[in-house]
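Enquirer: with the input below, show me the fold.
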Amino acid sequence: MREKVATIPTDAEGIFMERPNRFLGLVRLEGEEQPVGVHVHDPGRLREILFPGNRVLLRRASSKKRKTKWDLIAGYCEGHWVLVHSGYHRQIAETMLRDERLSPLGRVEGLQAEVTYQSSRLDFVAETPKGPVWIETKGCTLCERGVALFPDAPTTRGKRHINHLREIRLSGERAAVVVLVFRPDSTRFEPNAKTDPAFAEAFWSAVDAGVEVYPLLMEFEPPELFYRGVIPLGEKT
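Expert: Got it, this is the predicted structure:
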């Protein structure tokens, strides 16, 4: 399968220099001596992508009030452009869920975004012929030896979301994690137990309770983003 799901324009290519903090990167544009500040939307570590000397793609910021004039869109890794702007995750997931050909849930008759469950805000509730499905979306940019891994940094928020999905499932309703895997060299998905053992424990507990997991393989060929299909979930170790 190879289906286009989004068009994500970029305006410039540059060389990544450094990352002073989680949300700020410095990039040297072609023909420029001084690096420019770029907004890094993904708070993850992204060490395999955002390292000095690596190629990155940028887009001009739409707001003139921004301190940084550029957004970081993608970085080059293992022969592929990898989307690292997490602001697109909801749009991508919504497009796929609404398209019966692409949706891992099959036909979705209604979709409500930004829904609240207890102290958490989950991404969606989908109405399907078999009842509602509560959904949380995660973006994955880390791959080691063909295994897509999430998260690439400890995430208490991610653990809380997973635990709430487990509670929903135990209450009798369906719950699912949709993982957007942006490394097309991935062959399966697993929680990153080495980086965040607490998240991995919560993840497998949720799976054991019946929470559904859909790792969706994506490929970014600027400016087009393509869906390649569902990859399998690895085994609990």
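Enquirer: for Lys64, report the pLDDT, please.
Expert: pLDDT for Lys64: 76.
Enquirer: go on, Ala113?
Expert: 95.
Enquirer: secondary structure element for it?
Expert: If you go by DSSP states H and E, Ala113 is part of strand 110-117.
Enquirer: likewise Lys138?
Expert: Lys138 is part of strand 131-140, with elements assigned from DSSP H and E.
Enquirer: elements contacting that strand?
Expert: Packing partners of strand 131-140 (3 or more Cβ pairs under 8 Å, 6 or more residues apart in numbering; DSSP states H and E): helix 89-98, strand 120-128, strand 147-150, helix 156-170, strand 174-181. For every residue, glycine as well, the C-beta is placed using N, CA and C.
Enquirer: which SSE is immediately downstream of it?
Expert: Counting by DSSP H and E, what follows strand 131-140 is strand 142-144.
Enquirer: strand partners of that following strand, parallel vs antiparallel please.
Expert: Next to strand 142-144 in the sheet, as set by DSSP bridges, lie strand 147-150 (antiparallel).
Enquirer: what lies in contact with the partner strand?
Expert: By Cβ atoms under 8 Å, 6 or more residues apart in numbering, the list of residues contacting strand 147-150 from outside reads 138-140, 142-143, 158, 179, 181, 183, 186-192, 195, 215, 231, 234.
Enquirer: break the protein into its domains for me.
Expert: Here the domain parsing of the chain from automatic domain parsing is 3-83, 87-230.
Enquirer: span of the first one from start to end?
Expert: Taking Cα to Cα, to the nearest Å, the first and last residues of domain 3-83 lie 16 Å apart.
Enquirer: quick one: contacts for the residue lying farthest from the centre of the chain?
Expert: Residue farthest from the centre of the chain, counting by Cα atoms, centre = their mean, is Glu33 at 32.7 Å. Glu33 makes no contacts at all, as judged by Cβ under 8 Å, 6+ apart.
Enquirer: just want the phi and psi numbers for it.
Expert: Dihedral pair for Glu33: phi -90, psi -40, per degrees, to the nearest 10.
Enquirer: so Lys130 touches Arg174, yeah?
Expert: Yes - between Lys130 and Arg174 there is a contact under Cβ atoms under 8 Å: 7.4 Å.
Enquirer: more neighbours, those two?
Expert: Legend: neighbour count by other Cβ atoms under 10 Å for Lys130 and Arg174, higher for Arg174 (20 against 10).
Enquirer: relative to Leu105, how far out is that one?
Expert: 9 Å (Cβ to Cβ, to the nearest Å).
Enquirer: what touches both of these two?
Expert: Residues touching both Arg174 and Leu105 by Cβ under 8 Å, 6+ apart: 128, 133.
Enquirer: touching, Ile8 and Pro222? I think so.
Expert: Yes - counting by Cβ under 8 Å, Ile8 does reach Pro222; the two are 7.2 Å apart.
Enquirer: overlap in contacts, the two.
Expert: Common contacts of Ile8 and Pro222 (Cβ under 8 Å, 6+ apart): Ile73.
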